[in-house]
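Asker: I would like the atomic coordinates for the input below:
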Amino acid sequence: MTHSTMTTSLRWLAAAAALAAGATLAADAPATVQLAGRAVPEIDKLPPGHYKELVQYGHELTTRTFAHIGPEVGDVRRRLAGNNLACASCHQQAATKPFAMPWTGVAATFPQYRGREDEVSTVEERVNGCMERSMNGKPLPLDSREMKAFVTYIAFLSKGIPVGANVEGAGMVQSKMPNRRANLEAGAKVYEAKCAVCHGSDGQGVRAGQPGDAQGYVFPPLWGKDTFNNGAGMNRLAMATRFVKHNMPQGASFDAPQLTDDEAYDVSAFMLSKPRPEKANLEADFPARWNKPVDSAFPPYMLGAPADQHRYGPLPPLAEKQRQMAEQIKAQAAAERAKAQGAAR
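Answerer: Numbers count the residues shown, from 1 in each chain. Below is the predicted model:
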């Protein structure tokens, strides 16, 4: 990584921090919004018209992605998703469930800096990131009705949440990872006991209809050809562990998990050890390198650890190495700035 790349990345972070600080000064303190127990906006209460229709279509695309833009729809031009999952396969309860990566409040947080691109990204770019990774497909045209529907639905769910708010329930619970390599054999036993009843012993899920009918799944596949690819966020061990711990099996939630930390960790590693579609050009992800998540199990690697450790752990030692690297880069950038300021005087 060049000094220029380091400095550019840090400038983005500094700019984001400055914007956040400015927002805090303007509003005295950021608002806190609790998603747990918060009423979900009701589409049926919207007045008839174009806006309601677009919100309804956004909801449909979220819950029945496969039926509208999946690989089995009749119109080949609309086959933009590369698998028969729904967005709601991960973003549960139509993307409203707290700590299940809900879209509620997302409209108040974008544009935002994204390490994967080392750029400030828009909501539209974030949607297309999921299209190309979690849905293993193609990006939606920015002017398409589908893109407008997704963005409108996200904005609808975010209604009443102020820009800069601290949204409790966004993303996932940031639980700590066990400080060991995942045990795939133990994970296989957890899978058979807790997961196979829905996702099948072969991990291929349960179809709602028959292959080719564009009706998707009652329970989605977790590996194989019809699931997320290796560039998806869910292909990262820490992310999968946090999602599984607080959302699986059926009925689990952030405040009522059904698996222990170790069970979620091992079964997630077992799932991710299985084959899945591969995304091209993953080496272009996280161009700043120093902020690449330690569980992104594809090269290039920056921390001197074997690929197996990035894939199966232990992750805490890698996180500490990365923290130290970030501190060194920040110190170097600060020294360069001081030197430049001194030369200008």
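Asker: quick one: the helices in this structure?
Answerer: Listed in chain order, the helices of the chain (DSSP state H) span 3-27, 50-63, 65-69, 92-95, 123-132, 145-157, 184-190, 196-199, 237-247, 261-272, 307-312, 316-344.
Asker: lowest-confidence stretch among those?
Answerer: In terms of average pLDDT, helix 3-27 trails the rest of the helices of the chain, at a mean of 44.
Asker: which residues touch R242?
Answerer: For R242, the contact set (CB atoms under 8 Å, 6 or more residues apart in numbering) comprises M172, V173, Q174, S175, A264. Bear in mind the C-beta positions are built from the backbone N, C-alpha and C, glycine included.
Asker: at 6 Å instead, please
Answerer: Neighbouring residues of R242 by CB atoms under 6 Å, 6 or more residues apart in numbering: M172, V173, S175.
Asker: and what of K45?
Answerer: Contacts of K45 by CB under 6 Å, 6+ apart: none found.
Asker: that older thread, can the helices of the chain go into JSON lines with extra columns for distance to Q210?
Answerer: Formatted as JSON lines, the helices of the chain follow (distance: least, CB to CB, whole Å):
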{"stretch": "helix 3-27", "distance to Q210": "48"}
{"stretch": "helix 50-63", "distance to Q210": "20"}
{"stretch": "helix 65-69", "distance to Q210": "13"}
{"stretch": "helix 92-95", "distance to Q210": "25"}
{"stretch": "helix 123-132", "distance to Q210": "25"}
{"stretch": "helix 145-157", "distance to Q210": "25"}
{"stretch": "helix 184-190", "distance to Q210": "29"}
{"stretch": "helix 196-199", "distance to Q210": "18"}
{"stretch": "helix 237-247", "distance to Q210": "28"}
{"stretch": "helix 261-272", "distance to Q210": "25"}
{"stretch": "helix 307-312", "distance to Q210": "35"}
{"stretch": "helix 316-344", "distance to Q210": "44"}
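Asker: for W290, which of the ones you listed is the nearest?
Answerer: helix 316-344 (5.3 Å; CB to CB).
Asker: which elements pack onto the closest one?
Answerer: helix 3-27 (3 or more CB pairs under 6 Å, 6 or more residues apart in numbering; DSSP states H and E).
Asker: one more time with 10 Å
Answerer: For helix 316-344, the packing partners by 3 or more CB pairs under 10 Å, 6 or more residues apart in numbering; DSSP states H and E come out as helix 3-27, helix 307-312.
Asker: can you mark which positions in that helix are buried?
Answerer: Going by neighbour count (16 or more other CB atoms under 10 Å), the buried part of helix 316-344 is L318, A319, Q322, M325, I329, A333.
Asker: rewinding a little: just the buried ones from the contacts of R242, in ChimeraX syntax?
Answerer: Of the contacts of R242, the buried ones go into a single ChimeraX selection, burial set by 16+ other CB under 10 Å:
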select :172,173
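Asker: which one of the contacts of R242 sits closest to N183?
Answerer: Closest approach between those and N183, by CB to CB: S175, at 17.8 Å.
Asker: tell me who's in contact with the spatially most central residue of the chain.
Answerer: Centroid-nearest residue in the chain, with CA atoms, centre = their mean: G233, separated by 4.9 Å. By CB atoms under 10 Å, 6 or more residues apart in numbering, the residues touching G233 are 90, 101, 116, 129-130, 133-134, 239-240, 243, 293, 295-296.
Asker: that older thread, out of the contacts of R242, which is nearest to P211?
Answerer: M172 (31.6 Å).
Asker: now the closest one: closest residue in space that isn't a chain neighbour?
Answerer: Spatially, and ignoring its direct neighbours in sequence, M172 is nearest to R242 (4.3 Å; CB to CB, 6 or more residues apart in numbering).
Asker: how close does that neighbour get to Q174?
Answerer: Distance of R242 to Q174, computed by CB to CB, to the nearest Å: 7 Å.
Asker: which residues do the two both contact?
Answerer: With CB under 10 Å, 6+ apart as the test, R242 and Q174 both reach F99.
Asker: pull the contacting residues for K97.
Answerer: L35, A36, V40, A88, H91, T104, G169, H246, N247, S253, F254.
Asker: surely E320 meets A305?
Answerer: No: checked against CB atoms under 10 Å, the pair E320 and A305 is beyond contact range at 11.5 Å.
Asker: find residues that contact each of those two.
Answerer: The contact sets of E320 and A305 overlap at V294 (CB under 10 Å, 6+ apart).
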